[in-house]
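Asker: Sequence and predicted model, in that order:
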Amino acid sequence: MNLYDLVRRKDRYVVVTGELGAVEVRRPGGMVRAIAMTPGAELRIRDAHGATCLAHFPAEPGWRIDAEAGANLQIAVAAGDALLPLADVRVKPGATADVGLDWPVPTPRQFDLVLRATGRSPLHLVVGPHMTPRTALLPLLRGRGVEVGPGLNPVVRPARGIEVRYVEKKHPRDWAATYAKRELTAAEMALWDHYVVDSARFLTGFEPGSLDFVFSNHVLEHLVDPIGTLARWWERLAPGGILAGVVPDARFTFDWRQPRWSIEDVRAQRALVADEPTEAMYERWCRYTSPENTPASLRARDYSIHVTYLTPELMRQILDDVIATVQATGQPEPDA
């Protein structure tokens, strides 16, 4: 469960009492993301039973407490007025403390998750490292390439040795009017000539074997057929080309309530041969991710929903299918 993200964007399921916030702090091992809590602060995750990452009652959520001596964090399952303790973590002088959840408890079918800072000192609940996968990928992207679906904030920028085009489904002016609801800035206008209107799924404006890289940043989860899409992107690459990208882990982003997906789900969706989300895809996204919306309201705003719900394991299986697809066409295996 990505508590940092839930608190940072004030997720509708988050209830905060006292002084509490999402912060990034530097530690000897590097930057980390944490929840800063003062004594008496409480973080309640409503309807936590719907979180896919809690479905198997993990004993080790990967959290730790950094604080001075006297800090104390209590975690409990809450159902009505009942509190069922899961953890009572006290920090010793000069030490950090890992957080373990003491399942099993007589867990009701519906419950909240409550975290309370009950000690004398403030604390940081460290929930993960400050990850910068985009920065790590950038040195790989050289030559002539494409960034798919960057919106108005592309990651790959033109530079010596980098010739990049940006593929969007709308002209930047129209994209800004639809999604950003504003005019383009001068910096955005400066990149205007690098944009092309094309299909993210097919890249029809680029010849096979013509690109040194194809990069996407939080795009594949919006596409109905990620397997076929990645295979077609690979067709556009010259020998030695790079296929790179970043996708969200559905277990820890705002899709954290979506049922866990399998490779069979991805394959079944591919068989639909649909370019745009179906009504069932809109209904599924509204039901689990955004119940305050309706398919009709999202269509009216041309809102781009997630239609594929990815995890690291599932992404590896998708890439295996991509390799099999590429092999069937006689192309070299992708360096994805």
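Answerer: Arrived safely.

Asker: pretty sure residue 45 contacts residue 6?
Answerer: Yes. Counting by Cβ atoms under 8 Å, residue 6 is a contact partner of residue 45 at 6.9 Å. No exception for glycine: its C-beta is placed from N, CA and C like everyone else's.

Asker: Spit out the residues that contact those two alike.
Answerer: By Cβ atoms under 8 Å, 6 or more residues apart in numbering, residue 45 and residue 6 have these common neighbours: 13-14.

Asker: Just to check, residue 210 is in contact with residue 146?
Answerer: No. If you go by Cβ under 8 Å, residue 210 and residue 146 don't touch, sitting 9.6 Å apart.

Asker: So between those two, which is more surrounded?
Answerer: The neighbour comparison of residue 210 against residue 146 (other Cβ atoms under 10 Å) goes to residue 146, with 27 against 15.

Asker: Please report phi then psi for the more buried one.
Answerer: phi -130, psi 140 (degrees, to the nearest 10).

Asker: Could you find the closest non-adjacent residue to residue 14?
Answerer: Excluding the flanking residues, the one nearest residue 14 by Cβ to Cβ, 6 or more residues apart in numbering is residue 6, at 5.2 Å.

Asker: Give me the secondary structure label for the one you found.
Answerer: At residue 6 the chain is in helix, as set by DSSP: H, G, I helix; E, B strand; the rest coil.

Asker: Quick check: the gap between it and residue 15.
Answerer: 11 Å (Cβ to Cβ, to the nearest Å).

Asker: Between these two, which has more neighbouring residues?
Answerer: Using other Cβ under 10 Å, the more surrounded residue of residue 6 and residue 15 is residue 6, with 23 against 13.

Asker: Quick check: neighbours shared by residue 210 and residue 146?
Answerer: By Cβ under 8 Å, 6+ apart, residue 210 and residue 146 have these common neighbours: residue 236.

Asker: just to revisit the earlier point, now the residue nearest to residue 14: how far from residue 22?
Answerer: 8 Å.

Asker: got it, and residue 65?
Answerer: Distance, residue 65 to residue 22, by Cβ to Cβ: 16 Å.

Asker: same deal with residue 50?
Answerer: Distance, residue 50 to residue 22, using Cβ to Cβ: 21 Å.

Asker: Low-confidence bits of this structure, can you list those?
Answerer: 94, 273, 332-336 (pLDDT under 70).

Asker: Which neighbouring elements make contact with the longest helix anywhere in it?
Answerer: Identified as the longest helix of the chain according to DSSP state H is helix 312-328. Contacts defined by 3 or more Cβ pairs under 8 Å, 6 or more residues apart in numbering; DSSP states H and E place helix 312-328 against helix 226-235, helix 263-270.

Asker: burial of the nearest residue to residue 19 once chain neighbours are set aside, as a residue count?
Answerer: Leaving aside its sequence neighbours, residue 19 sits nearest to residue 38 (Cβ to Cβ, 6+ apart; 4.2 Å). When counting by other Cβ under 10 Å, one arrives at 13 neighbours for residue 38.

Asker: Residue 38 is in contact with residue 21, isn't it?
Answerer: No. The pair residue 38 / residue 21 is not scored as a contact, 9.6 Å apart, by Cβ under 8 Å.

Asker: tell me which element the spatially most central residue of the chain is part of?
Answerer: The centroid of the chain falls nearest to residue 248 when counting by Cα atoms, centre = their mean (2.4 Å). Under the criterion of DSSP states H and E, residue 248 resides outside all helices and strands.

Asker: list the contacts for it?
Answerer: 218, 221, 255, 310.

Asker: Could you identify the most distant pair in these?
Answerer: Spatial extent of the contacts of residue 248 (Cβ to Cβ) is set by the pair 218 and 255 at 11.7 Å.

Asker: So which of the two has more stuff around it?
Answerer: In this view residue 218 and residue 255 are compared by other Cβ under 10 Å, and residue 255 has more residues nearby, 22 against 17.

Asker: Just want the phi and psi numbers for that one.
Answerer: Dihedral angles (degrees, to the nearest 10) for residue 255: phi -90, psi 20.

Asker: what's it in contact with, if anything?
Answerer: Contact analysis of residue 255 by Cβ under 8 Å, 6+ apart lists 248, 288-289, 306, 309.

Asker: and which of those residues is nearest to residue 320?
Answerer: residue 309 (17.9 Å).

Asker: Show me what counts as buried in stretch 123-131.
Answerer: Neighbour-count burial for stretch 123-131 flags 123-127 (criterion: 16 or more other Cβ atoms under 10 Å).

Asker: pretty sure residue 257 contacts residue 52?
Answerer: Yes. Contact criterion Cβ under 8 Å: residue 257 and residue 52 qualify, at 6.8 Å.

Asker: Residue 263 and residue 253, how far apart?
Answerer: 20 Å.

Asker: Between these two, which has more neighbouring residues?
Answerer: The residue with more neighbours, out of residue 263 and residue 253, is residue 253; 19 against 15, by other Cβ under 10 Å.

Asker: which ones are touching that one?
Answerer: So residue 253 contacts 2, 5 (Cβ under 8 Å, 6+ apart).

Asker: The chain should start at 32 in everything you say after this.
Answerer: Got it, the first residue is 32 from now on, which makes the last one we talked about residue 284.
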